[in-house]
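Chemist: Got a predicted structure plus its sequence, pasted below:
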Amino acid sequence: MHALIVFAHPDPQSLTHAAAARVAEGLSAAGHSAELADLAGEGFDPRYGQADHDAYRERAPHPADVLAEQARIDRADALVLVFPVYWWSLPGLLKGWVDRVFSNNWAYATRDGRVVGQLQRLQVHLFGLGGADQRSYVKHAYDVAMKTQIDHGVFDYCGACVASSAVRFDTEGRDWQPHLDAAFELGRGVFEGEGCRAA
């Protein structure tokens, strides 16, 4: 099986980069393949522009960079997003990737007045790296808000199955090892266990 690991952080020495690499190592240890998509390093443009809007309105084809990202997802059996939590959500680069790539008539379509998700075959794993402690997330229901807007609002809307969704807390400390161990275990278990659950 094959997984696409998408991550977004400008610093190559970041915990986000290290965690994405550990997810790939876990997949390899379990006998699976992985492709790493470093959105910052690759220079992906997250700005939803006129060309994207024209494609949404079906006045033009999708831009070439969007088609390339969709092809990467189409080659994968699972999608793993590894990201720092910014303002209780995805960082702008990754949110822009979602805005542009999960497009009309590819990720979802409108038929007979209703939205139909088109990514039912895709298994999704979300691995957020939060600087705050768990108490802050629970106290203000940020954990619930993130699941609503990301798990349900993006992936369930597109028909994809969220197989796992986790935020690691207190990631600003110097000891990255527990987070890297969790990333490795995520990679090793991407295609094992109970599989998908409803988002």
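Modeler: Cool, the structure landed.
Chemist: Which strand or helix spans the most centrally placed residue in the chain?
Modeler: With distances taken as C-alpha atoms, centre = their mean, L81 lies nearest the centre of the chain, 2.9 Å away. Under the criterion of DSSP states H and E, L81 resides in strand 78-84.
Chemist: Also G128?
Modeler: strand 123-129.
Chemist: Give the buried residues for the helix or strand following that strand.
Modeler: On the C-terminal side of strand 123-129, the nearest following helix or strand under DSSP H and E is helix 134-139. Using 16 or more other C-beta atoms under 10 Å as the test for burial, helix 134-139 gives Y137. Quick note: C-beta positions are derived from backbone N, CA and C, even for glycine.
Chemist: Stretch 21-40 too?
Modeler: So, applying 16+ other C-beta under 10 Å, buried residues of stretch 21-40: 21-27, 32, 34, 36-40.
Chemist: any idea which helix or strand comes after the top helix by length along the chain?
Modeler: Longest helix in the chain, counting residues (DSSP state H): helix 15-29. Heading C-terminal from helix 15-29, the first helix or strand you meet, by DSSP H and E, is strand 33-38.
Chemist: Partner strands of that next one and their direction?
Modeler: Strand 33-38 sits in its sheet next to strand 2-7 (parallel), going by DSSP bridges.
Chemist: Could you pull up the mean pLDDT of the partner strand?
Modeler: With pLDDT averaged residue by residue, strand 2-7 scores 98.
Chemist: quick one: it to helix 15-29, angle?
Modeler: 170 degrees (axes from the mean of the first three to the mean of the last three C-alpha atoms, to 10 degrees).
Chemist: if we can go back for a sec, out of the buried residues of stretch 21-40, what pair is the most spread apart?
Modeler: Across these, no pair lies farther apart than H32 and A40, at 24.7 Å, counting by C-beta to C-beta.
Chemist: And the one helix or strand V162 maps to, what does it pack against?
Modeler: Using DSSP H and E, V162 maps to strand 161-168. Strand 161-168 makes packing contacts with strand 123-129, helix 177-189 when contacts are defined by 3 or more C-beta pairs under 8 Å, 6 or more residues apart in numbering; DSSP states H and E.
Chemist: Save the ones you listed as JSON lines, and put in mean neighbour count, mean pLDDT and distance to E58 too.
Modeler: Shown next, in JSON lines, are the helices and strands packed on strand 161-168 (neighbours: other C-beta atoms under 10 Å; pLDDT from 0 to 100; distance: least, C-beta to C-beta, whole Å):
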{"stretch": "strand 123-129", "mean neighbour count": "23", "mean pLDDT": "97", "distance to E58": "26"}
{"stretch": "helix 177-189", "mean neighbour count": "18", "mean pLDDT": "97", "distance to E58": "37"}
